[in-house]
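*Asks:* okay, predicted coordinates and the sequence, questions at the end:
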Amino acid sequence: MLDIKFVRANPDLVKENIRKKFQDEKLPLVDEVIEKDRQYREAKLRGDELRGQRKTISKEIGGLMAQGKKEEAEAAKAKVAEIAAELAELETTEEQLEGEIRKIMLVIPNIIDPSVPVGKDDSENVEVERFGEPAVPDFEIPYHVDIMERLRGIDLDSARRTSGNGFYYLCGDIARLHSAILSYARDFMIDRGFTYYIPPFMIRSNVVTGVMSFAEMENMMYKIEGEDLYLIGTSEHSMIGKFIDTILEERMLPQALTSYSPCFRKEVGAHGIEERGVYRIHQFEKQEMVVVCKPEDSMDWFVKLYQNTVDFFRSLDIPVRTLECCSGDLADLKVKSLDVEAWSPRQKKYFEVGSCSNLGDAQARRLGIRVRDDSNRLYFPHTLNNTVVAPPRMLIAFLENNLNADGSIRIPEPLRMYMGGKSEIR
């Protein structure tokens, strides 16, 4: 969420930013919110004037009564009552305008970084760099579910009966591999100086609207019926929410956190849920990284975060590339975003396995997260998040890139200690 003062001072810049995101339908909101802000400030100014008058007149009433000037005192009381009535109307107006302004400000997109390429959608995202050599073996690579079924590692039919499409049972060595990847990701991030967390898996609505846009919430979040609680779509939600309405001392920055959680998603949209596969599903687990830092440090952290994911995948011999998200593909709160994509030898192309985002001060402003510096000045910090790894999607890349010709799966060295010393799955 932008600062209304910034919008008031830079309406043309805000409109140009909206055009870059190809959201022209939001252009009228800029003038509308500026007008409502003018009305709000006028109402507030008039209210302050009336409160000053009421205070002055109220003081005079006692003196008039003491002097026996009863009629003048009664007139003063009537004036005070008249002021009170006008103040009540103004306070109602202020409250209404404040709500309307916040509602509009929540849908005006954040100002994107100048480095972000302009494009309409994800088809115009820009490749940045490749890591590792993408290879295609000289034997056929089966569909990922076929690989897992041959290893007796997945049961989709039972999950379909218990829960419907978008769920799965993992079992045996594949289930163990899933857990091993998460354990390795946890230790990988701890070794890089991040503090490990297991957060709440449900959050209140004020946290939800603080960390994401309404459109994202509608398409992603599951609501707990009868309670002000939502199942998290990623642990970033509860990890950033951890700081809601708090003031951090600047010496406590940066906060570099890594968190494990199950994730629950509606996955509403054109892509839908696969009937037979684990790429888009309603429930999965993820290791996340979250940073709260000083504004001047956020772009350095952005690079560090996505490099962590690249390094993690390369440590498991999986080729990856980074892809800069264009303006039209950025969620409204994001300043800059970069996807990490893993190589699929079966499809002979890359696919997304993680996303790194710099949200500027948007989440901090929405959630009331502030920092106090040495001179006692308060400011909003920047927040960032990135996926370390999200199996079972990552399992697709892992299985395809570590499949042997005889159908066995090679276990890279870093995972073996989490797999009981196994060097392969048969």
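*Replies:* Sure thing, it's come through.
*Asks:* what ranges do the strands span in the stretch 101-250 of the chain?
*Replies:* 126-131, 154-155, 169-170, 195-197, 202-203, 222-223, 230-231, 247-249 (DSSP state E, counting those that start in this stretch).
*Asks:* please name whichever of those is nearest to Val389.
*Replies:* Taking CB to CB, strand 195-197 is the member of the strands of the stretch 101-250 of the chain nearest to Val389, at 14.3 Å. Every C-beta, even on glycine, is put in place using the N, C-alpha and C of the backbone.
*Asks:* name the helices or strands packed onto the closest one?
*Replies:* Strand 195-197 is packed against helix 172-191, strand 255-264, with contacts defined by 3 or more CB pairs under 8 Å, 6 or more residues apart in numbering; DSSP states H and E.
*Asks:* select the longest helix from the chain.
*Replies:* Counting by DSSP state H, the longest helix found in the chain is helix 27-66.
*Asks:* circling back: export the strands of the stretch 101-250 of the chain to JSON lines and append columns for mean neighbour count, distance to Gln287 and mean pLDDT.
*Replies:* Shown next, in JSON lines, are the strands of the stretch 101-250 of the chain (neighbours: other CB atoms under 10 Å; distance: least, CB to CB, whole Å; pLDDT from 0 to 100):
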{"stretch": "strand 126-131", "mean neighbour count": "13", "distance to Gln287": "19", "mean pLDDT": "96"}
{"stretch": "strand 154-155", "mean neighbour count": "20", "distance to Gln287": "21", "mean pLDDT": "92"}
{"stretch": "strand 169-170", "mean neighbour count": "17", "distance to Gln287": "16", "mean pLDDT": "93"}
{"stretch": "strand 195-197", "mean neighbour count": "14", "distance to Gln287": "9", "mean pLDDT": "98"}
{"stretch": "strand 202-203", "mean neighbour count": "20", "distance to Gln287": "19", "mean pLDDT": "96"}
{"stretch": "strand 222-223", "mean neighbour count": "14", "distance to Gln287": "21", "mean pLDDT": "91"}
{"stretch": "strand 230-231", "mean neighbour count": "20", "distance to Gln287": "18", "mean pLDDT": "94"}
{"stretch": "strand 247-249", "mean neighbour count": "12", "distance to Gln287": "24", "mean pLDDT": "97"}
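*Asks:* would you list those strands in a markdown table and tack on distance to Gly407?
*Replies:* Shown next, in a markdown table, are the strands of the stretch 101-250 of the chain (distance: least, CB to CB, whole Å):
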| stretch | distance to Gly407 |
| --- | --- |
| strand 126-131 | 28 |
| strand 154-155 | 15 |
| strand 169-170 | 18 |
| strand 195-197 | 36 |
| strand 202-203 | 41 |
| strand 222-223 | 37 |
| strand 230-231 | 37 |
| strand 247-249 | 52 |
